[in-house]
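Undergrad: What follows is a protein structure lacking sequence information:
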Ligand code: ADP
């Protein structure tokens with residue numbers, strides 16, 4: 001089967017054409033600057049070919065048309081006709097409490113995604129535009145929505161409820177949802193496979209540490225708790241997001257600087273996190289490591305704070321799970337940052353976490369980085385959200401046939 005995986009953002013759209021059984025990627029690429037001018041970068045992994053083109057993309061519709069055109073292009077393409085695409089899988093940010101799993105897209109599903117716009121105001125409209133652009137470009141092609149929130153829907157109320165007035169939950173659906181669910185689901189399943197144990201017998205914590213970061217506590221293959229909340233702003237400090245703060249900070253800043261709530265939230269989403277702690281040096285952990293190595297105290301603090309908060313969540317989740325069998329690191333920093341992994345795990349020996357410094361000196365590979373006698377196995381597992389999306393899509397489409 002050929003599944004086209006689409007990840008539509010507000011001004012960008014990533015795509016991969018892949019085989020859900022083997023995980024082989026036939027082609028992948030990125031449309032950028034949608035709504036401004038439009039730029040397509042297309043890659044064919046088998047040949048190493050890379051094509052870059054300026055193509056007008058006033059909306060997502062033109063972006064999808066550009067993707068279709070290059071996929072079937074006689075010179076740069078990888079398929080003869082759009083008929084060779086069996087189905088399309090879309091990453092959708094917010095499924096609210098309506099979606100506990102991926103679903104075939106129909107009018108009701110689209111309406112439900114629309115209903116979740118107040119919860120995901122930046123992403124859900126873009127996700128819908130991607131879906132509708134594909135409907136126009138490939139009428140009748142089966143499409144599937146895979147939600148970032150779905151994996152977390154198994155959390156018990158004590159984990160997902162906020163201690164705020166009940167009406168805000170029952171009427172406004174304000175609760176913890178959690179994100180990166182597709183990644184947490186993928187690495188949890190891989191970790192179980194690596195440990196050679198049924199996932200139903202494992203207590204694990206997955207640490208998705210990238211530009212956006214979240215941790216999940218997983219027991220019996222089900223998410224028990226996760227660090228992001230109603231939105232991806234909550235949890236550990238991130239590249240530009242503050243992570244958990246006292247809500248009074250918002251009131252204080254609004255009053256002091258005459259900011260609106262939206263302006264304040266923009267600061268917390270885009271100008272905070274390690275970028276702010278490093279006094280604006282960077283949101284990129286590589287730059288922070290370089291700065292800290294040169295003696296920049298603010299960069300050092302940014303890294304220390306990040307690792308400290310991740311470690312605290314690991315401790316909290318080990319307590320929530322009542323033990324720990326496996327700790328998994330994934331995403332940009334989790335896969336490529338040996339120093340950060342070591343700093344996070346330092347002091348977790350009491351939980352039975354023992355890193356092997358040599359094994360930990362690894363980037364971007366699936367490997368166990370704990371010692372042989374570590375009670376808790378620690379793994380680096382590169383995430384593959386696209387593969388999960390392709391597999392869910394293939395499964396749902398086959399089941400519907
Ligand atoms: P996103 O959330 O945007 O998908 P990624 O998962 O790609 O983010 O993670 C981006 C982060 O990963 C950046 O902060 C980057 O510094 C970090 N990263 C990527 N490669 C390395 C590396 N070799 N060493 C340390 N950090 C890295």
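TA: Looks like it came in fine. Keep in mind it's a predicted model, so treat the numbers as computed, not measured.

Undergrad: okay, CA-based contacts and neighbour counts for the rest of this
TA: Fine.

Undergrad: distance of residue 288 from the ligand?
TA: 8 Å (CA to the nearest ligand atom, to the nearest Å).

Undergrad: Show me which residues of stretch 119-131 are buried.
TA: Taking 16 or more other CA atoms under 10 Å as the basis for neighbour counts, the residues of stretch 119-131 that come out buried are 119-120, 123-131.

Undergrad: Arrange those in CSV, one row each, with secondary structure and distance to residue 57 as further columns.
TA: Formatted as CSV, those follow (DSSP: H, G, I helix; E, B strand; the rest coil; distance: CA to CA, whole Å):
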residue, secondary structure, distance to residue 57
119, coil, 27
120, coil, 24
123, coil, 18
124, helix, 19
125, helix, 17
126, helix, 14
127, helix, 16
128, helix, 17
129, helix, 13
130, helix, 13
131, helix, 16
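
Undergrad: Between those residues, which sits nearest the ligand?
TA: Of all those, the one with the least separation from the ligand (CA to the nearest ligand atom) is residue 123, at 14.1 Å.

Undergrad: Does the closest one touch residue 7 like I think?
TA: No: between residue 123 and residue 7 no contact is recorded; they are 10.1 Å apart, counting by CA atoms under 8 Å.

Undergrad: overlap in contacts of those two?
TA: Taking CA atoms under 8 Å, 6 or more residues apart in numbering as the contact rule, the neighbours common to residue 123 and residue 7 are residue 92.

Undergrad: rewinding a little: restrict the buried residues of stretch 119-131 to contacts with the ligand.
TA: Among the buried residues of stretch 119-131, no residue sits close to the ligand (CA under 6 Å from any ligand atom).

Undergrad: Could you export those as JSON lines, including pLDDT and distance to residue 59?
TA: Putting the buried residues of stretch 119-131 into JSON lines (pLDDT from 0 to 100; distance: CA to CA, whole Å) gives the following:
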{"residue": "119", "pLDDT": "88", "distance to residue 59": "23"}
{"residue": "120", "pLDDT": "87", "distance to residue 59": "20"}
{"residue": "123", "pLDDT": "90", "distance to residue 59": "15"}
{"residue": "124", "pLDDT": "94", "distance to residue 59": "15"}
{"residue": "125", "pLDDT": "93", "distance to residue 59": "12"}
{"residue": "126", "pLDDT": "93", "distance to residue 59": "10"}
{"residue": "127", "pLDDT": "95", "distance to residue 59": "12"}
{"residue": "128", "pLDDT": "95", "distance to residue 59": "12"}
{"residue": "129", "pLDDT": "93", "distance to residue 59": "8"}
{"residue": "130", "pLDDT": "94", "distance to residue 59": "10"}
{"residue": "131", "pLDDT": "96", "distance to residue 59": "12"}
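
Undergrad: Give me every residue in the chain lying close to the ligand.
TA: 210-212, 284-286, 331-333, 336-337.

Undergrad: For those, could you give me TSV that also reports pLDDT, neighbour count and secondary structure?
TA: What follows is these, written out as TSV (pLDDT from 0 to 100; neighbours: other CA atoms under 10 Å; DSSP: H, G, I helix; E, B strand; the rest coil):
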residue	pLDDT	neighbour count	secondary structure
210	95	18	coil
211	93	18	coil
212	95	23	coil
284	96	17	coil
285	97	23	helix
286	96	13	helix
331	97	22	helix
332	96	20	helix
333	97	24	helix
336	97	24	helix
337	94	23	coil
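
Undergrad: quick one, phi/psi of residue 75?
TA: Backbone torsions for residue 75, taken as degrees, to the nearest 10, come to phi -90, psi -50.

Undergrad: Kindly state the pLDDT recorded for residue 78?
TA: Among the per-residue scores, residue 78 shows a pLDDT of 96.

Undergrad: Which residue is the nearest non-sequential neighbour of it?
TA: Leaving aside its chain neighbours, residue 78 sits nearest to residue 71 (5.6 Å; criterion: CA to CA, 6 or more residues apart in numbering).

Undergrad: list the contacts for the one you found?
TA: Going by CA under 8 Å, 6+ apart, the list of residues near residue 71 reads 27, 77-79.

Undergrad: Mind jotting down where the strands sit in the stretch 51-200 of the chain?
TA: Taking DSSP state E, counting those that start in this stretch as the criterion, the stretch 51-200 of the chain carries its strands at 87-92, 103-104, 143-147.

Undergrad: And the contacts of the longest one?
TA: Read it as strand 87-92. By CA under 8 Å, 6+ apart, the list of residues contacting strand 87-92 from outside reads 2-8, 123-124, 127, 130-131, 141-148, 389-390, 392-394, 397.

Undergrad: Which of the contacts of residue 71 has the largest number of neighbours?
TA: With neighbours set by other CA atoms under 10 Å, the maximum within those is found at residue 27, which has 24 neighbours.

Undergrad: From what I see, that residue and residue 18 are in contact.
TA: Yes: shown here, residue 27 and residue 18 form a contact pair, counting by CA under 8 Å, at 7.3 Å.

Undergrad: on that earlier part again, so which of the contacts of residue 71 comes closest to the ligand?
TA: The ligand lies nearest to residue 27 out of those, by CA to the nearest ligand atom, at 19.0 Å.

Undergrad: what's that closest one sitting at in phi/psi?
TA: Backbone torsions for residue 27, taken as degrees, to the nearest 10, come to phi -160, psi 150.
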